[in-house]
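Student: here is a sequence with its predicted model. Questions after.
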Amino acid sequence: MIPKVFKEVIDLGDGREISIETGKLAKQAHGSVVVQSGKCMLLCTVVSNYEQKDIDFLPLTVDYREKFAAAGRYPGGFFKREARPSDGEVLTMRLVDRVLRPLFPKDYHSETQVMIQLMSHDDDVMPDAMAGLAASAAIQLSDFPFECAISEARVGRINGEFIINPTRSQLAESDIDMMIGASADSVMMVEGEMDEISEEEMADAIKFAHDAIKVQCAAQLRLAEAFGKKEVREYPEEREDEDLAKKVHDMAYDKVYAIAKASSAKHERSAAFKEIKEEIIATFSEEELEDFGGLVSKYYRKAEKAAIRDLTLNEGLRLDGRKTDEIRPIWCEIDYLPSTHGSAIFSRGETQALATVTLGTSRDANKIDMPSHEGEENFYLHYNFPPFCTGEARPIRGTSRREVGHGNLAQRALKGMVPEDCPYTVRVVSEVLESNGSSSMATVCAGTMAMMDAGVQLKKPVSGIAMGLISDADSGNYAVLSDILGDEDHLGDMDFKVTGTEDGITACQMDIKVKGLSYEILVNALKQARAGRLHILTKLTDTIATPASEVKPHSPKMVTRTIPNEFIGALIGPGGKVIQELQKETGTTIVINEDPVTEEGIVEILGTDQDGIDAVLTKIDSLMFKPQMNQSYKVKVIKMLDFGAVVEYLDAPGNETLLHVSELAWERTENVSDVVNMGDEFEVKYLGTDPRTRKEKVSRKALLEKPEGYVERPPRKSNDRDRSRGRDDRNRDRKPRRD
């Protein structure tokens with residue numbers, strides 16, 4: 001039976017459109033759609049079990065995968081099957097998860113999976129910009145308890161004009177690359193990188209994307225209505241007890257308020273809050289606690305959150321005693337690790353990051369091999385968040401999605417300040433040693449200083465700050481918090497991280513938890529973030545004002561040389577023999593890349609010893625040496641022959657030519673040794689290529705004055721006697737043949 005297909009089309013302008021289709025594929029899923037733009041097709045399926053788990057969180061999994069077949073390619077590596085997700089796929093998962101998760105009810109605990117797959121690729125369409133739309137559209141067709149339709153859109157700006165979902169080539173020309181997630185009413189998530197834009201420009205970009213998202217949300221609702229929107233499933237709601245909630249609130253609120261106001265260190269404060277909770281639990285009998293389940297703990301957390309929020313809104317004070325716009329104490333240090341190419345420590349309050357820098361060649365670039373994108377990163381940053389940094393012991397199971405996301409944010413913050421002509425591949429690694437709020441921003445600050453310490457000539461230093469927002473919808477009162485603590489991250493209405501130079505924003509990441517946040521509050525928060533960023537920036541520049549003029553003595557020096565493609569083979573040698581021996585002799589690393597556009601080779605020479613680098617440069621100069629007609633060159637005799645001397649150009653070691661006996665002197669020369677000997681140095685004149693022998697010809701006598709009365713002898717005619725003499729010359733050194 002031919003399936004009935006339902007479809008909605010969204011006009012993006014410029015002849016581009018996005019279609020949402022359902023009814024043809026994956027009909028056993030609780031919701032499925034195919035989202036298409038150009039030749040790019042995403043299949044999204046959603047399933048949620050009907051059984052509730054006995055847990056206090058939503059077990060939601062968002063999975064995004066790109067199939068290599070979608071681009072007509074094989075997976076790289078030994079196993080020809082898609083395996084663990086790439087960093088690019090993980091980042092897309094995070095973008096979608098952060099918008100979907102808050103829209104499920106807090107008491108909905110069913111195992112839920114959102115699976116998005118790239119089934120067909122289009123070079124002109126970036127699929128991650130449609131992943132959020134696909135996820136929400138599939139959920140709208142399901143019976144999930146989900147608050148409202150959402151979507152995500154990428155916004156770029158070229159020549160001052162905003163663009164929705166630009167192509168990758170357009171993005172290369174854009175000074176903004178932002179992904180915005182929103183419902184029709186509220187912006188919920190912002191993440192991206194910018195070329196030092198202002199706070200007002202960032203707000204304008206968000207508004208532009210939000211207008212496009214409203215259209216996409218409306219299309220989802222039309223599709224769901226045409227398909228037949230299912231009734232929302234029933235599920236066992238969590239038990240509530242208003243009397244118990246009030247009792248726990250009254251017992252906890254004032255005590256929590258007092259401890260929060262007293263301001264103390266993280267562990268002391270946590271211990272005090274834990275003691276209050278235990279005292280409250282102790283007032284109930286075992287039978288009551290068993291009857292209430294986990295309600296006492298739940299209501300205590302609500303009371304604790306309310307008390308801390310009220311302290312900030314009422315008195316402008318925070319958990320550690322700071323004012324709303326106050327930054328925690330900062331100390332910095334560079335060149336801490338003696339063997340690294342660059343290192344720096346950044347400590348702010350109870351958050352500390354140690355960053356290292358490693359310099360390498362293009363061979364060390366980070367290879368990106370995804371169906372939707374292939375390329376290399378010559379600057380990349382890795383972020384590690386071990387359990388000890390929060391005083392915990394927990395299993396270590398590889399790099400987490402959080403580590404990938406935080407590292408990517410810090411990388412985007414810094415990469416625009418790495419100069420285009422930086423000869424190195426630069427790897428920054430941030431080791432988070434302590435964490436109580438915004439270790440990713442500490443990574444940005446430590447990374448800036450470490451690169452400057454390593455001698456990377458950053459255009460400008462970059463700093464970052466994590467901000468929070470506490471608001472009261474009833475009174476309209478709100479407080480923007482600079483440099484938030486870990487606890488403030490959880491209890492606030494918005495947490496956003498902003499990085500930039502003194503001239504503008506370079507990256508941001510926002511999660512907005514309050515509905516209908518006004519753009520006025522958003523801009524005010526961004527401006528307060530700017531003041532905090534600049535304060536932190538002064539701490540960085542007080543530690544290291546400008547990048548080191550040179551790399552460290554033990555760091556590799558990098559020199560690049562461009563050579564015509566025709567000489568690459570000579571430099572590599574048969575089977576790589578020449579380049580391998582040269583690397584061994586000089587202690588350098590030599591990388592050769594061919595540029596098909598300029599038809600030239602780019603030779604990278606990396607080494608710690610300048611003499612070794614110079615030796616490689618000399619070899620390259622020697623290989624490319626081409627004597628010019630009628631020019632004089634100094635040579636050295638390296639071999640004596642009966643009919644001349646083999647000489648080497650002193651300016652190009654390894655380049656040899658024959659100085660024929662007839663070109664030694666104006667006088668007739670019977671023996672070569674009568675004029676020159678081994679090791680003699682003198683000048684010769686280059687006479688081009690002899691048309692008869694097709695060999696290069698040089699002359700010593702051409703630079704000498706002719707003897708008085710010298711008469712040029714006429715050239716000999718070729719005859720049988722000459723040919724016979726030539727044969728005699730060639731056979732002179734041969735052994736006699738045995739009869």
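Tutor: Thanks, I have the structure now.

Student: show me where the stretch 251-400 of the chain has its helices.
Tutor: Counting by DSSP state H, counting those that start in this stretch, the stretch 251-400 of the chain has helices at residues 266-282, 286-292, 295-315.

Student: nearest to L433, out of these?
Tutor: helix 266-282 (14.5 Å; CB to CB). (C-beta placed from N, C-alpha, C; glycine too.)

Student: which other helices and strands does the closest one contact?
Tutor: For helix 266-282, the packing partners by 3 or more CB pairs under 8 Å, 6 or more residues apart in numbering; DSSP states H and E come out as helix 242-262, helix 295-315, helix 486-491.

Student: what's the closest of these to A479?
Tutor: helix 295-315 (5.2 Å).

Student: so who does the closest residue in space to S400 that isn't next to it in sequence touch?
Tutor: The shortest distance from S400 to any residue other than its chain neighbours is 7.3 Å, reached at F385 (CB to CB, 6 or more residues apart in numbering). Residues in contact with F385 (CB atoms under 8 Å, 6 or more residues apart in numbering) are S400, R402, E403, H406, V432, S435, S439.

Student: just among those residues, which is most surrounded?
Tutor: Ranked by neighbour count (other CB atoms under 10 Å), the contacts of F385 have S439 at the top, with 27 neighbours.

Student: now the helices for the stretch 401-550 of the chain?
Tutor: Using DSSP H, counting those that start in this stretch, helices in the stretch 401-550 of the chain cover 401-415, 439-454, 486-491, 519-543.

Student: of those helices, which is nearest A355?
Tutor: Among the helices of the stretch 401-550 of the chain, helix 439-454 comes nearest to A355, with 3.7 Å by CB to CB.

Student: quick one: work out the angle between the closest one and helix 401-415.
Tutor: Interaxial angle, helix 439-454 versus helix 401-415 (axes from the mean of the first three to the mean of the last three CA atoms, to 10 degrees): 40 degrees.

Student: mean confidence (pLDDT) on helix 439-454, please.
Tutor: Per-residue pLDDT over helix 439-454 has a mean of 97.

Student: swap in stretch 150-161?
Tutor: The average pLDDT for stretch 150-161 rounds to 96.

Student: and A138, how far from P59?
Tutor: The gap separating A138 from P59 is 18 Å, by CB to CB, to the nearest Å.

Student: my bad, should have said L409
Tutor: From L409 across to P59, the span is 26 Å (CB to CB).

Student: same deal with V514?
Tutor: Using CB to CB, V514 is found at 25 Å from P59.

Student: for this structure, longest strand please?
Tutor: For the chain, the strand with the greatest residue count under DSSP state E is strand 40-52.

Student: on that earlier part again, between the helices of the stretch 401-550 of the chain, which gets nearest to D335?
Tutor: Closest approach to D335 among the helices of the stretch 401-550 of the chain (CB to CB): helix 439-454, 5.5 Å.

Student: next, the angle helix 519-543 makes with that closest one.
Tutor: Between helix 439-454 and helix 519-543, the angle comes out at 30 degrees (the same axes, to 10 degrees).

Student: which parts of helix 439-454 are buried?
Tutor: Buried residues in helix 439-454, counted by 16 or more other CB atoms under 10 Å: 439-454.

Student: identify the residues contacting M640.
Tutor: With the criterion set at CB under 8 Å, 6+ apart, M640 makes contact with V646, V672, S673, N677, M678.

Student: pLDDT at it, what is it?
Tutor: Predicted confidence (pLDDT) for M640: 90.

Student: where does pLDDT dip in this protein?
Tutor: Low-confidence regions of the chain, defined by pLDDT under 70, span residues 712-739.

Student: residue boundaries of the strands in the stretch 1-150 of the chain?
Tutor: For the stretch 1-150 of the chain, the strands defined by DSSP state E, counting those that start in this stretch cover 6-13, 16-22, 31-37, 40-52, 60-66, 110-120, 150-158.

Student: what lines up beside the third one in the sheet?
Tutor: This points to strand 31-37. Strand 31-37 has its sheet partners listed here by DSSP bridges as strand 16-22 (antiparallel), strand 40-52 (antiparallel).

Student: run the chain-centre distance for the first one.
Tutor: Shown here is strand 16-22, whose average C-alpha point lies 31 Å from the average C-alpha point of the whole chain (CA atoms, centre = their mean, to the nearest Å).

Student: which outside residues touch that strand?
Tutor: Around strand 16-22, the neighbours that count as contacts under CB under 8 Å, 6+ apart are 5-12, 31-38, 130, 133-134, 137-138, 141, 165, 216, 219-220, 223, 227.

Student: for Q509, give me its contacts.
Tutor: Applying CB under 8 Å, 6+ apart, we find Q509 in contact with V190, E191, L409, S440, F496, K497.

Student: one more time with 7 Å
Tutor: Contacts for Q509 (CB atoms under 7 Å, 6 or more residues apart in numbering) come out as E191, L409, F496, K497.

Student: tell me the bridge partners for it.
Tutor: Bridge pairing for Q509 - DSSP bridges - gives E191, K497.

Student: and it, how far from R412?
Tutor: In this view, Q509 and R412 are 9 Å apart by CB to CB.

Student: pipe the strands paired with strand 31-37 into CSV and attach distance to D503 and mean neighbour count per row.
Tutor: Below are those laid out as CSV (distance: least, CB to CB, whole Å; neighbours: other CB atoms under 10 Å):
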stretch, distance to D503, mean neighbour count
strand 16-22, 33, 20
strand 40-52, 36, 20
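
Student: tabulate those (TSV), appending distance to L103.
Tutor: Formatted as TSV, these follow (distance: least, CB to CB, whole Å):
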stretch	distance to L103
strand 16-22	19
strand 40-52	13
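
Student: the ones you listed: which one's closest to A71?
Tutor: Among these, the nearest to A71 by CB to CB is strand 40-52 (10.2 Å).

Student: how far does the closest one sit from the chain's center?
Tutor: For strand 40-52, the gap between its own C-alpha mean and the chain's C-alpha mean amounts to 30 Å (CA atoms, centre = their mean).
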